[in-house]
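Asker: Pasting the sequence and the predicted model now:
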Amino acid sequence: MILFENVTKTYPRTQRPALDNVSLEIPRGEFVFVVGQSGSGKSTMLQLVMKEQDATDGRILVAGRDLDRLAERKVPALRREIGCVFQDFRLLPNKTVYQNVAYALQVLGASRSRIRQTVPETLELVGLAGKEKRLPHQLSGGEQQRVAIARAFVNRPPILLADEPTGNLDPGTSLDIVHLLQRINRTGTTVVMATHDTATVNAMRRRVIELHQGVMVRDQQAGEYTTGSLPRIRLGDGAPLLHGEGAGPITAPHGPGSAKQPDAGRHDVSAGDDPDLAGPELDDPDEVDELPPIGRDADAPRPRRGLFRRGRRTPVNSH
Ligand SMILES: Nc1ncnc2c1ncn2[C@@H]1O[C@H](COP(=O)(O)OP(=O)(O)OP(=O)(O)O)[C@@H](O)[C@H]1O
């Protein structure tokens, strides 16, 4: 599903690669944490998957597509396969919960009947049934992130990328959000979550890919994440540092086995047409221009700072 073969990314006018000869495979349906200090290359990795950035060297396959050979006109189709969640939620402030989620389908040209069916069932999935008519400022931080997850997932993408989705949330709420991502993962969607959040990673015990100055230094099933306190192993001259002696098996990157298989991980959740759950009609089709960057909104103008560039880091109330 996602394959990196000897991928290097060096940004213009920089000395050191942001990602340095990274090889990995993430099979369909997996849940993976990407961890590492600030500047280690986590966001760059996610941007490469989205083709928000191009690799300087190496090969990337995503959902059966070789990104280096993907024509520009086919990038929107790639992005429709990928939902994105960010630290700062990026909701439309003047739209209700329902409208924020419906919008993601509307820009994809979904029919009204599909929107009326899918939005309520997705809001129910993320635990927001009953809050359809609230505006983002009437929600807690955790609830806002649930809306963002609903928006990213409403089209049932086979891949969900989450870049520091718990960065603005307190520990308990963070765990709730990661449990929600796990629930989405159980529907067959591959989840890749970049995070600094050691407690969450340690609570979940899923696959952990660790980056250090752009180098992948760990790829571990059922991994932990402990910053600074574990002994480090030197592999040899010039080799990367390896964390976590005794912390569990350290696996080699997977081979390129399944990466070319077409994605079939979509999952439909059926729900009835409950009028109580149906939100207000979208009043203005021209609102498409206001849509903030999300993964599947491939046709919207791309922000200059990139889909995965950080916005504010202002803590918000997450209770
Ligand atoms: N557009 C860019 N132009 C130049 N350098 C960049 C750009 N984006 C990222 N970098 C550099 O690439 C390296 C990796 O950055 P990246 O944002 O991928 O790290 P990160 O692990 O996601 O960090 P953080 O956790 O702070 O978000 C850093 O040295 C960063 O300064």
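Answerer: Perfect, I can see it now.
Asker: Which helix or strand in this structure has the lowest average pLDDT?
Answerer: Evaluated with mean pLDDT, DSSP states H and E, the helix-and-strand set of the chain has its lowest mean pLDDT in strand 232-234, which scores a mean of 42.
Asker: and Leu135, how many residues sit next to it?
Answerer: Summarising burial for Leu135: neighbours were counted as other C-beta atoms under 10 Å, giving 15. (Glycine included, C-beta is placed from N, CA and C.)
Asker: if I look at it, how far off is the ligand?
Answerer: In this structure, Leu135 lies at 29 Å from the ligand, with C-beta to the nearest ligand atom, to the nearest Å as the measure.
Asker: Also Thr118?
Answerer: As judged by C-beta to the nearest ligand atom, Thr118 and the ligand stand 32 Å apart.
Asker: Quick check on Pro120: phi, psi?
Answerer: Note on Pro120: its backbone torsions stand at phi -60, psi -40 [degrees, to the nearest 10].
Asker: didn't it look like it was pressed against Lys131?
Answerer: No: taking C-beta atoms under 8 Å as the definition, Pro120 is not a contact partner of Lys131, at 11.5 Å.
Asker: Between the two, which has more neighbouring residues?
Answerer: Neighbours of Pro120 and Lys131, each counted by other C-beta under 10 Å, are more numerous for Pro120; the result is 25 against 16.
Asker: With the ligand as the reference, measure out to that one.
Answerer: As judged by C-beta to the nearest ligand atom, Pro120 and the ligand stand 34 Å apart.
Asker: same thing with Glu72?
Answerer: Going from Glu72 to the ligand by C-beta to the nearest ligand atom gives 19 Å.
Asker: What is the neighbour count of that residue?
Answerer: By other C-beta under 10 Å, the residues close to Glu72 number 7.
Asker: got it, and Thr56?
Answerer: Number of residues near Thr56 (other C-beta under 10 Å) recorded here: 14.
Asker: and Val192, that one's in a strand?
Answerer: Yes: according to DSSP: H, G, I helix; E, B strand; the rest coil, Val192 belongs to a strand.
Asker: wait, what's in contact with it?
Answerer: For Val192, the residues meeting the contact criterion (C-beta atoms under 8 Å, 6 or more residues apart in numbering) are Ile2, Ile26, Val32, Val34, Leu46, Val49, Ile159, Leu160, Leu161, Ala162.
Asker: OK, contacts around the fourth one?
Answerer: Spelled out, that is Val34. Lys42, Met45, Leu46, Val192, Met193, Ala194, Thr195, Ile209, Glu210, Leu211.
Asker: same thing but at 10 Å, please
Answerer: Neighbouring residues of Val34 by C-beta atoms under 10 Å, 6 or more residues apart in numbering: 24, 26, 40-43, 45-46, 161-163, 192-195, 207-211, 216.
Asker: Looking at these, which are in strands?
Answerer: Among those, the ones falling in strands (DSSP state E) are 24, 26, 161-163, 192-195, 207-211, 216.
Asker: helices and strands around the biggest helix by length in the chain, which ones?
Answerer: Using DSSP state H, we find that the single longest helix of the chain is helix 171-186. Counting by 3 or more C-beta pairs under 10 Å, 6 or more residues apart in numbering; DSSP states H and E, the packing neighbours recorded for helix 171-186 are strand 31-35, strand 82-86, helix 112-125, helix 141-153, strand 159-163, strand 190-195, helix 198-204.
Asker: ok, the nearest residue to Arg205 once chain neighbours are set aside - how many residues close by?
Answerer: Of all residues beyond its chain neighbours, the one nearest Arg205 is Ala222 (4.6 Å), with distances taken as C-beta to C-beta, 6 or more residues apart in numbering. Other residues within reach of Ala222 by the criterion other C-beta under 10 Å amount to 12.
Asker: Surely Ala222 and Val32 touch.
Answerer: No: if you go by C-beta atoms under 10 Å, Ala222 and Val32 don't touch, sitting 11.7 Å apart.
Asker: and for those two, which residues touch both?
Answerer: Common neighbours of Ala222 and Val32, using C-beta under 10 Å, 6+ apart, are Arg206, Arg207, Val208.
Asker: Could you report the pLDDT at the residue nearest the centre of the chain?
Answerer: When the chain is reduced to its mean C-alpha position, the nearest residue by C-alpha atoms, centre = their mean turns out to be Leu161, at 1.4 Å. If you check Leu161, the pLDDT there is 97.
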